[in-house]
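# The following block contains a protein sequence and its predicted model.
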Amino acid sequence: MRKTPQRSCVSCRKVFDKKDLVRIVRTPEGTVILDRTGRANGRGAYIHADAACLEKAERSKAPDRSLKCAVPGEIYREIEKELEKNGG
């Protein structure tokens with residue numbers, strides 16, 4: 001039986017299955033993108049797929065510290081749209 005990969009949310013610091021988190025990546029070129037596949041090349045930060053956690057992450061700038069660069073507001077809006085679409 002295979003183990004399910006686990007990651008920590010940069011906002012609430014709790015550990016979840018990787019599939020329950022949203023990944024933001026700073027690519028080697030320095031751009032910040034939303035990684036829907038979970039396999040994009042670059043430095044990644046995970047956020048729990050929850051509206052409250054996302055809001056806290058944006059307020060505290062935890063992903064900025066994790067990625068060592070500023071995360072644009074558009075990335076957070078993109079994640080919000082994904083959450084609404086998936087009923088989260």
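Looks like it arrived, so ask away. None of the values given here were measured: they were computed from a predicted structure.
# Using CSV, write out every CA atom in the lengthiest helix in the chain.
If you go by DSSP state H, the chain has its longest helix at helix 73-85. What follows is helix 73-85 as a C-alpha-only set of coordinates in CSV (Å, rounded to 0.1, in the frame of the first residue of the first chain):
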residue,chain,number,x,y,z
GLY,A,73,-3.1,39.3,-6.0
GLU,A,74,-4.3,37.6,-9.2
ILE,A,75,-3.0,34.3,-7.9
TYR,A,76,-5.2,34.5,-4.8
ARG,A,77,-8.2,35.5,-7.1
GLU,A,78,-7.5,32.5,-9.3
ILE,A,79,-7.5,30.2,-6.2
GLU,A,80,-10.8,31.8,-5.0
LYS,A,81,-12.4,31.0,-8.4
GLU,A,82,-11.1,27.4,-8.1
LEU,A,83,-12.6,27.1,-4.6
GLU,A,84,-16.0,28.5,-5.7
LYS,A,85,-16.0,26.2,-8.8
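# which residues are contacting that helix?
22, 24, 32, 33, 34, 47, 49, 50, 51, 54, 57, 58 (Cβ atoms under 8 Å, 6 or more residues apart in numbering). The way it works is simple: take the backbone N, C-alpha and C, and place the C-beta from them, glycine included.
# is it true that residue 40 lies in a strand?
No - secondary structure of residue 40 (DSSP: H, G, I helix; E, B strand; the rest coil): coil, not part of a strand.
# For residue 14, see how far away it is.
23 Å (Cβ to Cβ, to the nearest Å).
# Check residue 84 too.
In terms of Cβ to Cβ, residue 84 sits 22 Å off from residue 14.
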